[in-house]
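In: fold the following.
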Amino acid sequence: MSTDSEIAIVGGGPAGLSAALVLGRSRRAVVVFDAGKPRNAPSPAAHNVYTRDGASPLELNRIAREQLVPYPSVEVRSQAVTDAEQSPDGTFVLHDAQGGRTTARHLILATGVVDEQPEIEGLAELWGTGVFHCPYCHGWEVRDEPFVLVAVDPRGLHLARVLRGWSSDITLCPAPTFALPEEEASALRELGIRIRPAVTRLEPGDDGRVADAVLADGSHTGPCAVFLAAPVRQRSNLPEKLGCTLHTEGMFAGLVKVDERGFSGVDGLWVVGDASQGFPQVIAAAYEGTLAAGMINGELLMAGVLPRGTGA
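Out: Numbering: from 1, shown residues only. Here you go, the predicted model:
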């Protein structure tokens with residue numbers, strides 16, 4: 001099956017669905033591909049979301065898809081895009097998991113990232129309920145509890161300082177692959193942050209929280225909230241395949257380089273949400289999708305490309 005659309009969106013999370021809403025209300029023909037595997041699915045609640053603080057991320061996505069129904073020019077497909085290329089004339093050609101082929105002149109990638117979790121026994125099972133990546137998302141719920149921070153690279157040192165806004169009881173445990181510089185260790189100790197050996201195992205409690213963290217020297221921390229500043233990788237190979245440039249170091253390592261609008265530098269290609277920004281929150285991703293959609297529609301109108309079926 002082959003179809004064509006004005007704008008294709010790959011990714012059905014806050015960024016992609018917000019972009020679809022703006023474009024649908026702008027009368028643009030849009031197709032959204034949603035593989036149904038959001039990064040924040042393990043988390044029971046999304047926070048800092050205007051009027052919806054504490055709502056389930058999956059519920060937010062359900063509502064967002066439901067609110068696209070009144071706009072007949074928007075089609076949502078529960079399918080993964082497996083491949084894509086850009087034709088010499090600039091048209092994007094997308095291939096989905098069901099063998100379909102879709103063309104679009106503009107493409108928004110809202111494909112997200114994957115957190116590279118260290119190999120610590122019990123960590124994956126507690127991700128999102130007892131192990132967290134963002135204090136802005138989860139810090140209030142665990143405020144003043146003992147924090148254990150697993151540092152796998154220098155980003156953990158920044159997070160250690162930030163966590164002091166939610167607890168004064170912080171223990172930093174460098175991963176075996178991360179050599180913590182002594183000057184950094186001294187600076188953290190002066191701030192009251194303890195430095196302990198690596199975490200080897202996390203014991204779950206009945207409530208999905210961490211009942212105990214076992215360290216490499218055999219010691220135990222007892223109940224705690226665990227934070228992890230994990231490196232990330234792109235969930236999809238589409239950004240690189242289509243010519244996007246990724247940051248290779250620093251806080252944004254692994255993320256797609258874009259301008260303030262979400263434009264990737266590749267003609268017609270925009271990257272929004274966690275794949276391209278360093279503040280991984282629902283509300284930030286939704287903003288990026290909204291902005292990119294407005295920019296695309298504005299460019300089309302300025303070029304004289306009116307929505308299909310307007311009679312103009």
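
In: quick one, helices of this structure?
Out: Assigned by DSSP state H, the chain shows helices spanning 14-25, 57-66, 123-126, 135-138, 155-162, 182-190, 238-241, 282-302.

In: tell me which of these lies nearest to His47.
Out: With C-beta to C-beta as the measure, helix 135-138 is the member of those nearest His47 (5.2 Å). Quick note: C-beta positions are derived from backbone N, CA and C, even for glycine.

In: avg pLDDT for that closest one?
Out: Mean pLDDT, taken over the full extent of helix 135-138, equals 94.

In: got it, and stretch 217-228?
Out: On average, the pLDDT along stretch 217-228 is 97.

In: before we move on, back to that, and among the helices of the chain, the most buried is which?
Out: helix 14-25 (a mean of 26; mean count of other C-beta atoms under 10 Å).

In: for that helix, the distance to its chain's centre please.
Out: 16 Å (C-alpha atoms, centre = their mean, to the nearest Å).

In: okay, angle between that helix and helix 57-66 too, please.
Out: With axes from the mean of the first three to the mean of the last three C-alpha atoms, to 10 degrees defining the directions, helix 14-25 sits at 10 degrees from helix 57-66.

In: contact partners of helix 14-25?
Out: For helix 14-25, the external contacting residues (C-beta atoms under 8 Å, 6 or more residues apart in numbering) are 7, 9-10, 30, 32, 34, 60-61, 64-65, 67-68, 71, 73-74, 76, 108, 110, 272-274, 282-283, 285-290, 292-294, 296-297.

In: related to what we said a few turns ago, dump the helices of the chain to a markdown table, plus distance to Val256.
Out: Rendered in a markdown table, the data for these read as follows (distance: least, C-beta to C-beta, whole Å):
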| stretch | distance to Val256 |
| --- | --- |
| helix 14-25 | 12 |
| helix 57-66 | 22 |
| helix 123-126 | 26 |
| helix 135-138 | 22 |
| helix 155-162 | 18 |
| helix 182-190 | 29 |
| helix 238-241 | 5 |
| helix 282-302 | 11 |
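
In: to Ala225, which of the ones you listed lies closest?
Out: Closest to Ala225 of the helices of the chain is helix 135-138 (C-beta to C-beta; 7.7 Å).

In: what's in contact with that closest one?
Out: Applying C-beta under 8 Å, 6+ apart, the external contacts of helix 135-138 come out as 43, 46-48, 132, 159, 162-163, 165-166, 225, 227, 281.

In: repeat the analysis, applying 6 Å as the threshold.
Out: In this structure, residues lying in contact with helix 135-138 by C-beta atoms under 6 Å, 6 or more residues apart in numbering are 47, 132, 163, 166.

In: swap in stretch 171-179?
Out: Contact with stretch 171-179 is made by 118, 148-153, 160, 180, 193-196, 198-199, as judged by C-beta under 6 Å, 6+ apart.

In: for it, buried residues please.
Out: 171-175, 178 (16 or more other C-beta atoms under 10 Å).

In: before we move on, back to that, so which of the contacts of stretch 171-179 is the most crowded?
Out: Highest neighbour count within the contacts of stretch 171-179, by other C-beta atoms under 10 Å: Val199, with 28 neighbours.
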